[in-house]
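Asks: sequence below, structure please.
(one chain, ligands or ions: 1)
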Amino acid sequence: MPATLVAEPDLPCFGIPQAEVLFGGGVDRVGAYNHEVGDLVTILCGLLGFGAGETGRWREAAALHDLGKLWIPAGIPLKRGSLDQDEVSIMRDHVVLGYTRLRHHDRLAAEMALYHHENHDGTGYPFGLAGEHIPVSARVVRLCDVYDALRAVRPYKKGMSHEEAMGIILFGDDRIQPGMFDPELLRLFALHHQRFAACLDG
Ligand SMILES: [Fe+2]
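Replies: Numbering: from 1, shown residues only. As a prediction, this is how the structure comes out:
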């Protein structure tokens, strides 16, 4: 399914600057552009043996994984407190909204946008894909995105320490379970977790 849904060729050098020209954004209030996830993705790319060129491409593409939030009413992603069922449904549309724009410009970014909320155990969306059926690019973004989201300060929440975020990813809580993540990527995260901390903490 992934290979046939995402059929447009990549264009070189498509990243946040080009996306902002095409789609706007300027002041990114809703998290549509995310440099941090792009930076975190480069850690896993290196651990997976990617070369510099491919790692750079993944960084640029991963930074656009939430582009679809530009077309979600800002009150929803920035809402303080939990979302109701309708709001959750609208929020989930961001994966398809991002994909439909990006597929004409960057195949890798479109792939990450569409599948980055799929979970390894099949509990994600929009398709409920599991394991090897999820593109590797999206599995990489999934882990980095969850780590970044736990660490990040948002209008509606405090940021967690590295230790708190790592504990949740490795051992789970009421919302996140380790089975959501690719086991090999989870193993690399556990082995090299200090590099993730350093990436966000500088
Ligand atoms: Fe997302």
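Asks: can you give me the pLDDT of Arg101?
Replies: We note a pLDDT of 95 for Arg101 in this prediction.
Asks: am I right that it sits in a helix?
Replies: Yes - under DSSP: H, G, I helix; E, B strand; the rest coil, Arg101 sits within a helix.
Asks: and it, what does it touch?
Replies: 22-23, 67-68 (Cβ atoms under 8 Å, 6 or more residues apart in numbering). Placement of C-beta: from N, CA and C, glycine included.
Asks: next: Gly131.
Replies: Gly131 neighbours (Cβ under 8 Å, 6+ apart): 120, 122.
Asks: pipe the contacts of Arg101 into JSON lines and attach neighbour count per row.
Replies: Formatted as JSON lines, those follow (neighbours: other Cβ atoms under 10 Å):
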{"residue": "Leu22", "neighbour count": "14"}
{"residue": "Phe23", "neighbour count": "18"}
{"residue": "Leu67", "neighbour count": "27"}
{"residue": "Gly68", "neighbour count": "24"}
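Asks: tell me the contacts of Gly25?
Replies: Contacts of Gly25 (Cβ under 8 Å, 6+ apart): 19, 32-33, 70.
Asks: which of the residues you listed ranks first by neighbour count?
Replies: Ala32 (26 neighbours; other Cβ atoms under 10 Å).
Asks: so that residue makes contact with Ala74?
Replies: No - look at Ala32 against Ala74 with Cβ atoms under 8 Å: they stay out of range, at 10.1 Å.
Asks: and the two most separated of the contacts of Arg101?
Replies: Leu22 and Gly68 (13.6 Å; Cβ to Cβ).
Asks: sorry, back to before: any idea which of the contacts of Gly25 is closest to Ile134?
Replies: Ala32 (22.1 Å).
Asks: that closest one: what secondary structure?
Replies: Strictly by three-state DSSP, Ala32 counts as coil.
Asks: what helix or strand is the nearest residue to Arg92 once chain neighbours are set aside located in?
Replies: Once flanking residues are discounted, Arg92 sits nearest to Tyr125: 5.5 Å by Cβ to Cβ, 6 or more residues apart in numbering. Per DSSP states H and E: Tyr125 is located in neither a helix nor a strand.
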